[in-house]
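> Let me see the structure of the following:
(4 chains)
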2 protein chains.
Amino acid sequence: MAKGEQTKSEILAAAVEMASVNGLSGLTIGALARRTGLSKSGLFAHFGSKESLQTKTLEAAAERFVHQVVAPALAETAGVSRIRALFENWLAWGTAEGGRAGCLFVAASIELDDQEGPVRDYLVWTQGEWLKILARAAERTVAAGQFQHDLDTRQFAHDCYSTMLGFHHARRLMRDPKAETRARSAFERLLAAASI
Amino acid sequence: MAKGEQTKSEILAAAVEMASVNGLSGLTIGALARRTGLSKSGLFAHFGSKESLQTKTLEAAAERFVHQVVAPALAETAGVSRIRALFENWLAWGTAEGGRAGCLFVAASIELDDQEGPVRDYLVWTQGEWLKILARAAERTVAAGQFQHDLDTRQFAHDCYSTMLGFHHARRLMRDPKAETRARSAFERLLAAASI
DNA sequence: TACAAACACGAACGTTCGTGCTATATTGAT
DNA sequence: ATCAATATAGCACGAACGTTCGTGTTTGTA
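Numbering: from 1, shown residues only, chains lettered A, B, ... in the order given. Next comes the predicted model:
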């Protein structure tokens, strides 16, 4: 990896962390430069615009997400156990880094829901992909004979994600010690309702 | 109402709208002054600090929320119909103003989950109250014999709110035309699982 | 070893941020 | 009509914002 790429990926690693805490608009170039030990202009040159930095940060987060949440779950055999893995990995992902920093995508989803532009477009795309991944996992579970054959898999994906969002709220804002218990309880009921 | 109070409540009405779109940190004093036709300093004098403005904005939103969501539901007879009213009113609340402007509390919940301070504290309090309202409505439904007597009402409240958050995501970010259908479907399953 | 390309820096731009002062209107009670 | 209290405007501040520019410093290649 060339020097520039190396630096860029270090910047983006810090950017993902910072944006997870302060949001994408709270991700300022000055603060990011201070944190990475670069000058503002030196850092800026890597991206050309704040908007580009935001998009690249989301891309970097998506790469991590695939690595930490999706890929390990695909290692599980298709069916309920894979769905369980997706769910558990997501909980761990949203809780990572010692409890600090919620899921960047959740934060961005709220921040950008009224802000038109390419950053929003990219976010919508990733979120759509994530829902598709959940739906596809449900389809495979139907095919495996573990879920009802007439299950609305898109609805199932939607309900799963709602549960995750509820967890995020309970855990990060309310600091409810029962957050994980609540989330798992809701998730198990979803599984039960979908199962044969 | 004295002149000052009149102006202040007009400011806060605009502030709630603006913060619903841009978030609490995106609610800037300059933009708010421009919108209300006041000078920056004139507006500022009403609050003394940005933090106070944010808190007062949340308070104003809470007042509206009680008025539009909670109070009408309390007019319904206790039981499933009241819970349904709470749910439907919430959907309408999050969709109000011609589709623009999501729920300010949802936005603030994400924005403030890592930002310590009195604004966060106040938000946590309101969200706790909201969850209590849902739980209490469930308790009354149990007492009315419409829900199972051993229902975990706090869990029920949590699951309801998760469904609302899922709706918010589907509707505002994804612009899913089926958002309401999906939300109602999930909600009806919740009701069914809790019912006798 | 020379040289071009890639990389990073410091300084400054214009704008907006929140927040103070001080003075002037506007208001409500006497 | 007078006067004190309240309400708003004007102006200025230091800091931070994203961005641009010109200039060095590394780096890989010829």
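
> For residue A:82, give me its contacts.
Listed by Cβ atoms under 8 Å, 6 or more residues apart in numbering or on different chains, the contact set of residue A:82 reads A:73, A:74, A:76, A:137, A:140, A:141. Placement of C-beta: from N, CA and C, glycine included.

> and if we set it to 6 Å?
A:73, A:76, A:137 (Cβ atoms under 6 Å, 6 or more residues apart in numbering or on different chains).

> Would you agree the first one is in contact with residue A:84?
No - if you go by Cβ atoms under 6 Å, residue A:73 and residue A:84 don't touch, sitting 8.6 Å apart.

> ok, those two, which is more surrounded?
residue A:73 (20 against 17; other Cβ atoms under 10 Å in any protein chain shown).

> quick one: contacts of whichever strand or helix holds that one?
With secondary structure defined by DSSP states H and E, residue A:73 is part of helix A:71-75. For helix A:71-75, the surrounding residues in contact (Cβ under 6 Å, 6+ apart) are A:82, A:85, A:86, A:89.

> give me the element residue A:77 is part of.
Residue A:77 is part of no helix or strand when elements are defined by DSSP H and E.

> Could you report the neighbour count for it?
Residue A:77 has 11 nearby residues by other Cβ under 10 Å.

> in chain A, which helix has the most residues?
Ranked by residue count, the top helix of chain A under DSSP state H comes out as helix A:118-143.

> Close to DNA strand D: what parts of chain A are there?
Within chain A, the positions near DNA strand D by Cβ under 7 Å from any atom of the strand are A:2-3, A:27-31, A:40-41, A:44-45, A:48-51.

> again, only this time at 6 Å
For chain A, the contact set with DNA strand D under Cβ under 6 Å from any atom of the strand comprises A:3, A:28, A:29, A:30, A:31, A:40, A:41, A:44, A:49, A:50.

> which ones among the residues you listed come in contact with DNA strand C?
Answer for the residues of chain A next to DNA strand D near DNA strand C (Cβ under 6 Å from any atom of the strand): A:3, A:40, A:41.

> Model confidence for residue A:96, exactly?
Looking at residue A:96, its pLDDT reads 72.

> same thing with residue A:6?
Taking residue A:6 on its own, its pLDDT is 88.

> Who are the contact partners of it?
Per Cβ under 6 Å, 6+ apart, neighbours of residue A:6: none.

> any idea which of the contacts of helix A:71-75 is closest to DNA strand C?
Among the contacts of helix A:71-75, residue A:89 lies closest to DNA strand C (Cβ to the nearest atom of the strand), at 33.3 Å.

> Look up how far DNA strand C lies from the residue most central in space within chain A.
When Cα atoms, centre = their mean is applied to chain A, the residue found nearest the centroid is residue A:105 (4.8 Å). Distance of residue A:105 to DNA strand C, given as Cβ to the nearest atom of the strand, to the nearest Å: 26 Å.

> same deal with residue A:106?
24 Å.

> Now do the same for that residue: helix, strand or coil?
What DSSP: H, G, I helix; E, B strand; the rest coil gives for residue A:106 is helix.

> Surely it and residue A:168 touch.
Yes - between residue A:106 and residue A:168 there is a contact under Cβ under 6 Å: 5.3 Å.

> out of these two, which sits in the more crowded spot?
More crowded of residue A:106 and residue A:168, by other Cβ under 10 Å: residue A:168, with 25 against 22.

> sorry, back to before: for residue B:111, state which of the ones next to DNA strand C among the residues of chain A next to DNA strand D is nearest.
The closest of these to residue B:111 turns out to be residue A:40 (Cβ to Cβ; 24.9 Å).

> how about the closest one, what does it touch?
For residue A:40, the contact set (Cβ under 6 Å, 6+ apart) comprises A:29, A:30, A:33.

> Quick check: closest non-adjacent residue to it.
In space, and not counting its chain neighbours, residue A:40 is closest to residue A:33: 4.6 Å by Cβ to Cβ, 6 or more residues apart in numbering or on different chains.

> Tell me, what's the model's pLDDT at the one you found?
96.

> From the contacts of residue A:40, pick the one nearest residue A:111.
Nearest to residue A:111 among the contacts of residue A:40, with distances taken as Cβ to Cβ, is residue A:29, at 17.2 Å.

> How many neighbouring residues does whichever residue of chain A sits closest to DNA strand D have?
Residue nearest to DNA strand D within chain A: residue A:30 (2.7 Å; Cβ to the nearest atom of the strand). Residues near residue A:30, counting by other Cβ under 10 Å, number 11.

> what does chain A put close to chain B?
A:21, A:102, A:107, A:109-110, A:113-114, A:155, A:158-159, A:162-163, A:165-166, A:169, A:172-173, A:182, A:185-186 (Cβ under 6 Å from any Cβ of the partner chain).

> Give the ChimeraX command for selecting the buried subset of those residues.
To isolate the buried ones among those in ChimeraX, judged by 16 or more other Cβ atoms under 10 Å in any protein chain shown, type:
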select /A:21,102,107,109,110,113,114,155,158,159,162,163,165,166,169,172,173,182,185,186
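
> Which of the residues of chain A next to chain B fall within helices?
A:21, A:107, A:109-110, A:155, A:158-159, A:162-163, A:165-166, A:182, A:185-186.

> Just flag the most distant two among those residues.
Taking Cβ to Cβ as the measure, those span a maximum distance of 32.9 Å, between A:21 and A:155.

> Low-confidence regions, chain A specifically.
Segments of chain A classed as low confidence (criterion: pLDDT under 70) are A:1, A:4, A:97-102.

> Spell out which residues of it are next to DNA strand C.
Residues of chain A found near DNA strand C, taking Cβ under 6 Å from any atom of the strand as the criterion, are A:2, A:3, A:4, A:7, A:38, A:39, A:40, A:41, A:42, A:45, A:46.

> show me the contacts for the fifth one.
Just to be clear, that refers to residue A:38. By Cβ under 6 Å, 6+ apart, the contact list for residue A:38 is empty.

> and after the helix or strand encompassing residue A:11, which helix or strand comes next?
According to DSSP H and E, residue A:11 maps onto helix A:3-22. Next helix or strand after helix A:3-22 toward the C-terminus (DSSP H and E): helix A:29-36.
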